[in-house]
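Enquirer: 3D model of this:
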Amino acid sequence: MSMDTDGIHKPALTLARLEEVAAEVFAEDLLESLPRHQVQLMLTYWMEEHVREFFLTGQDFAPEVATALNQPVTARQEGSQPDRFHCLPTRACWYPAIGQIGIRFNALSWHVEWWAGGLPVPKPPMCHQCWILPTNQKYAELIARWQQELRAQGWKVLTSSKDLVAELGNKAGLHRLAAQRGLLECMPRHFASPRVAAYPCIVKPVDGEYGQRTVIVKSLKEAQRIEACLEEAGSRLSESYVLQELVVGAHEFATSMLVKDGELYDAVTTEYVYENSEYFYPMCRERWRRFYDPAPRAHLRALSPFLKDFSGICNANYKVCSNGFRLFEINVRMGGDLATDVMPRSRVGDFISKLDELDGGWLKPLDLIADSVADVGNPSDWTVPPKATEANACWNLQEED
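Expert: Numbers count the residues shown, from 1 in each chain. Predicted structure coming up:
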């Protein structure tokens, strides 16, 4: 393992080897426009997504690359204190920003199954005081399923029942939950079939993350073509996907929340502005962003009913339109907005550290009653997104010539 000047531990890869592979993956003009360390980070993230495919097809990696793929990655500040906050699994694109949050934060797995459920449950690296935090839906459900066993081994866990975690994190499940709780007016419309849909609309997998297998559909003919392709592949649009109203508008919000038993204890909001009004993330180009701390209480009041009985860190993505609030999804895990975007970075460390205060019973829930300041939040000035943020998703954002 090596550590550069910003105190972030990274795999000790050979940069020359990385650049060889990078030249095969990314456009030359992009590589020339980025600093060398950013190329390394981009490729590390790319390998995170594709390494299993490489191993299965027998393509060769240099020995030092293969070794690095099986090493834990630690993003942390200097000092001798042990890591107490552990995310599962690793997200390599997060660790430049995570290294700046001022707390001991570690990743438990690096392209290997650190734990896939079942007994024995792994012990924490310290004898006590270690938190385990999911970064995807699979591990959110896994931690919820085995929470008692994890606690018995010494882990600190903040989660809910597995059924609630599964329902909130599933797009069709969230819609069912909204119907049960009388909250459908806060959701985009869902259409039972292409014939009753309003176009344009959007097709999303019920369990997808980061825009995977998502498409904007412009007409009934396009929707029927997608439906036929899915059926040919042995799937059904009505079972594995949602056909959802496309909510138009260039402004989108992401709010990260610390929740216990349905009460909100901390929240921070990021507002993103994109170039187009019809898009889905990450197939879009960001123009501006700003942060709200405290988060707008009006937003939190709209989100709170969805989180009844929930415990954990979660992230909600939504728009505030002329005709009301529209919630797209709730991710029952730490989100990319908190991990990489929220400023100042020390605010993220403060957010995560509140897990200890919450566990000790010292933290009071947020007051969601409106007032002249908190109701709209305390927005920062508009800022241009940093180049690193664009580069981390650059393969989705490149414009065609």
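Enquirer: please make it C-alpha for all contacts and neighbour counts, starting now.
Expert: OK.
Enquirer: now the strands for the stretch 151-300 of the chain?
Expert: Per DSSP state E, counting those that start in this stretch, the stretch 151-300 of the chain carries strands over the ranges 155-156, 190-191, 201-205, 215-217, 241-245, 251-260, 263-274, 286-292.
Enquirer: out of the ones you listed, nearest to residue 352?
Expert: Among the strands of the stretch 151-300 of the chain, strand 251-260 comes nearest to residue 352, with 8.4 Å by Cα to Cα.
Enquirer: helices or strands up against that closest one?
Expert: Applying 3 or more Cα pairs under 8 Å, 6 or more residues apart in numbering; DSSP states H and E, we find strand 251-260 packed against strand 263-274, strand 312-321.
Enquirer: let's go with 10 Å and repeat that
Expert: strand 263-274, strand 286-292, helix 297-303, strand 312-321, strand 324-331, helix 345-360 (3 or more Cα pairs under 10 Å, 6 or more residues apart in numbering; DSSP states H and E).
Enquirer: the second one - contacts with which helices or strands?
Expert: Other helices and strands packing on strand 286-292, by 3+ Cα pairs under 10 Å, 6+ apart, are strand 251-260, strand 263-274.
Enquirer: would you indicate which residues of that strand are buried?
Expert: 286, 288, 289, 290, 291, 292 (16 or more other Cα atoms under 10 Å).
Enquirer: hey, what's the angle from that strand to strand 263-274? Just curious.
Expert: Interaxial angle, strand 286-292 versus strand 263-274 (axes from the mean of the first three to the mean of the last three Cα atoms, to 10 degrees): 150 degrees.
Enquirer: so how far is strand 286-292 from its chain's centroid?
Expert: How far strand 286-292 lies from its chain's middle: 17 Å, per Cα atoms, centre = their mean, to the nearest Å.
Enquirer: CA atoms of that strand as PDB?
Expert: This file holds the C-alpha atoms of strand 286-292, laid out as PDB (Å, rounded to 0.1, in the frame of the first residue of the first chain):
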ATOM      1  CA  GLU A 286     -23.900  18.900 -14.200                       C
ATOM      2  CA  ARG A 287     -23.700  22.700 -14.400                       C
ATOM      3  CA  TRP A 288     -24.000  24.000 -10.800                       C
ATOM      4  CA  ARG A 289     -24.500  22.700  -7.300                       C
ATOM      5  CA  ARG A 290     -25.100  24.200  -3.900                       C
ATOM      6  CA  PHE A 291     -25.600  22.900  -0.300                       C
ATOM      7  CA  TYR A 292     -28.200  23.400   2.400                       C
END
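Enquirer: quick one, that strand and strand 251-260 angle?
Expert: Using the same axes, to 10 degrees: strand 286-292 against strand 251-260 is 40 degrees.
Enquirer: other residues contacting strand 286-292?
Expert: Outside strand 286-292, the residues that touch it by Cα atoms under 10 Å, 6 or more residues apart in numbering are 250-255, 267-276, 341-344, 374, 376-386, 389-390, 397.
Enquirer: which of these are buried?
Expert: 250-255, 267-274, 341-343, 374, 376-377, 379, 385, 397.
Enquirer: give me every residue that touches the residue sitting nearest the centre point of the chain.
Expert: For the chain, residue 335 is the residue whose C-alpha lies nearest the centre (Cα atoms, centre = their mean; 3.2 Å). The contact partners of residue 335, taken as Cα under 10 Å, 6+ apart, are 134-136, 254-257, 313-317, 341.
Enquirer: just the pLDDT for it.
Expert: Turning to residue 335, the model gives it a pLDDT of 90.
Enquirer: low-confidence bits of this structure, can you list those?
Expert: 1-82, 90-93, 95-96, 99, 107-113, 126-128, 370-374, 386-401 (pLDDT under 70).
Enquirer: now do 80
Expert: For the chain, the stretches with pLDDT under 80 are 1-83, 89-100, 102-114, 125-129, 208-212, 233-235, 238, 282, 370-378, 380-401.
Enquirer: re the thing from before, ok, of the contacts of residue 335, which one's closest to residue 210?
Expert: For these, the nearest to residue 210 is residue 136 (10.2 Å; Cα to Cα).
Enquirer: test my guess that that closest one contacts residue 315.
Expert: No: applying Cα atoms under 10 Å, one finds residue 136 not in contact with residue 315, separated by 11.3 Å.
Enquirer: among the two, which residue is more densely surrounded?
Expert: Neighbour count, other Cα atoms under 10 Å: between residue 136 and residue 315, residue 315 has more, with 23 against 20.
Enquirer: now that one. Nearest residue, chain neighbours left out?
Expert: residue 256 (4.3 Å; Cα to Cα, 6 or more residues apart in numbering).
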